[in-house]
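1. sequence and predicted structure, then a few things I'm wondering about:
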Amino acid sequence: MTEKKIRVVLVDDHALVQEGIIARLENEPSLEVVGAASNGAEALPLVAELKPDVVLMDISMPVMNGFEATERLRAEQPNVRVLILTMHESREYILKLIQCGAAGYVLKDVSASELVNAIKTVYSGATYFSAGVSQSLFSQPDLTLQNDTAPQQDALTCRETEVLSLLAGGASNKEVARQLAISVRTAETHRQNIKNKLDIHTAAGLVRYAIEHQLID
């Protein structure tokens, strides 16, 4: 009896990276890359159509980034496991993606065998973090335990994090609404909630915060 292959969809906005990852996985008999998308907005209907077991998700992508795409997939396709595959090893990114529902987080410099192992692990229902990710996640003290009054990015929802990234990049409320397919009033509400949660009430302050937390370059 033929063993069921783990069906994988890859989401990454760089064609060369896509080709390289697919090449790394194509010789693994237990896996099958059934589709690829260049951003989260493309990934949502593709995953709904192909029903993969695991989605390999990058973070920094145009149109819809990995934060919102992961959160949306977990809500719309709860049986699909999302494994983050990225070059970012920021602790804030890791914590936020866990909050968004990611089952694992792997850096792009891992070996092909480790990537295959990560895919199999999250497919089995467990979580997987590569060594560099675990070091970033657990080597720093949890500031929320040390100072409950300090503003924390973790207080932001995934959508608020995305809105903050757009605002810090210079987008107006109307542009945020258009890019996220929400109303201008909702964008304004998100903006106010972000300011209140972070206790930052100027545009310059939001930009500085976003840069410090690697939400924009």
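-> Thanks, I have it.
2. helices or strands next to the longest helix seen in the chain in the packing?
-> If each helix of the chain is counted by residues according to DSSP state H, the longest one is helix 184-198. Helix 184-198 sits against helix 158-168, helix 173-180, helix 203-212, with contacts defined as 3 or more CB pairs under 8 Å, 6 or more residues apart in numbering; DSSP states H and E. For every residue, glycine as well, the C-beta is placed using N, CA and C.
3. give me whichever of the ones you listed is most buried.
-> Mean neighbour count, computed with mean count of other CB atoms under 10 Å, is highest for helix 158-168 among the helices and strands packed on helix 184-198, reaching a mean of 22.
4. report the angle between the axes of it and helix 203-212?
-> An angle of 110 degrees separates the directions of helix 158-168 and helix 203-212 when computed by axes from the mean of the first three to the mean of the last three CA atoms, to 10 degrees.
5. pLDDT below threshold where in this structure?
-> Applying pLDDT under 70 to the chain flags residues 1-2, 132, 134-154, 214, 216-217.
6. what segments of it are helices?
-> Using DSSP H, the helices assigned to the chain run over residues 15-25, 40-50, 66-76, 91-100, 112-123, 131-138, 143-146, 158-168, 173-180, 184-198, 203-212.
7. could you dump the ones you listed to JSON lines with distance to residue 58?
-> What follows is the helices of the chain, written out as JSON lines (distance: least, CB to CB, whole Å):
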{"stretch": "helix 15-25", "distance to residue 58": "8"}
{"stretch": "helix 40-50", "distance to residue 58": "9"}
{"stretch": "helix 66-76", "distance to residue 58": "6"}
{"stretch": "helix 91-100", "distance to residue 58": "11"}
{"stretch": "helix 112-123", "distance to residue 58": "13"}
{"stretch": "helix 131-138", "distance to residue 58": "15"}
{"stretch": "helix 143-146", "distance to residue 58": "27"}
{"stretch": "helix 158-168", "distance to residue 58": "15"}
{"stretch": "helix 173-180", "distance to residue 58": "18"}
{"stretch": "helix 184-198", "distance to residue 58": "24"}
{"stretch": "helix 203-212", "distance to residue 58": "19"}
